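Colleague: Pasted the sequence and its predicted model underneath.
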Amino acid sequence: MDPIRLIAAAYCVVLLIVTSLNYVPGLTDAQGRAFGIFALDIYDDALHFASAAWAGIAAALSRRASETYFKVFGTLYLLDGLMGLVTGSGYLDLGILIYGWLNLGLGFKILANLPHIALGGFAAFTGFVLARRQPAT
C-alpha cells in the first residue's frame with residue numbers, strides 16, 4: 001500500500017484511540033479530564049471520531065484523497081493548536097467563542113495544545129511536503 005495512505009490509516013487508528021479516552025477507566029480524573037489535562041466532551045469526541053472516519057475513508061479511497069485529508073486536517077488542527085497556545089482556547093471546539101481568552105499558565109497551554117500541534121503539524125507536513133517527495137506506488 002502507498003505510504004501516504006498508510007499514514008492516513010494510522011491517523012484513523014490514533015484518532016479512534018483519542019475518541020475512546022473518556023471511556024477507559026482510570027484515564028480521567030474526578031473532573032472528567034483525560035490525564036488531568038484534557039476536558040473532552042461529547043463534541044470533542046464527535047470531532048475526533050469524524051476526523052478518524054475521514055482519515056480511514058481517505059486511506060481506503062486513494063492517495064489523492066489521503067493527501068487532501070492531510071492538507072485540510074493538518075492545517076485546521078495545527079492552527080487550532082497554535083491558537084490554543086496563544087489564547088488558551090481553540091476554534092475547533094468553539095472554545096474561543098464560548099470561553100474567550102483564558103488566563104492559563106504557559107506550561108498547561110503547551111500540554112493542552114501539543115496534541116493538535118503535533119498531529120496537525122505532521123499531517124500538514126505529510127500533505128504538503130512528504131507527499132510530494134514520496135512517489136505514488
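Modeller: It's in. Predicted, not measured: the structure shown is a model, and the values here were computed from it.
Colleague: And the helices in the protein?
Modeller: 3-20, 42-61, 63-87, 95-98, 106-125, 131-133 (DSSP state H).
Colleague: Tabulate these (JSON lines), appending distance to Gly26 and mean neighbour count.
Modeller: The way it works is simple: take the backbone N, C-alpha and C, and place the C-beta from them, glycine included. Written out in JSON lines, the entries for the helices of the chain read as follows (distance: least, Cβ to Cβ, whole Å; neighbours: other Cβ atoms under 10 Å):
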{"stretch": "helix 3-20", "distance to Gly26": "13", "mean neighbour count": "19"}
{"stretch": "helix 42-61", "distance to Gly26": "18", "mean neighbour count": "17"}
{"stretch": "helix 63-87", "distance to Gly26": "26", "mean neighbour count": "20"}
{"stretch": "helix 95-98", "distance to Gly26": "26", "mean neighbour count": "14"}
{"stretch": "helix 106-125", "distance to Gly26": "19", "mean neighbour count": "17"}
{"stretch": "helix 131-133", "distance to Gly26": "38", "mean neighbour count": "12"}
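Colleague: Out of the ones you listed, name the one with the poorest average pLDDT.
Modeller: Here the lowest mean pLDDT among those goes to helix 95-98, at a mean of 85.
Colleague: what comes into contact with that one?
Modeller: Where contact means Cβ atoms under 8 Å, 6 or more residues apart in numbering, the residues beyond helix 95-98 that reach it are 83-84, 87, 89-91.
Colleague: which among those residues gets closest to Asn22?
Modeller: Gly90 (17.7 Å; Cβ to Cβ).
Colleague: what residues are up against the closest one?
Modeller: 80-81, 83-84, 96, 113, 116.
Colleague: Go again with 7 Å.
Modeller: Neighbour list for Gly90: 80, 83-84, 96 [criterion: Cβ atoms under 7 Å, 6 or more residues apart in numbering].
Colleague: Distance-wise, check Leu79 relative to Met1.
Modeller: Distance of Leu79 to Met1, computed by Cβ to Cβ, to the nearest Å: 29 Å.
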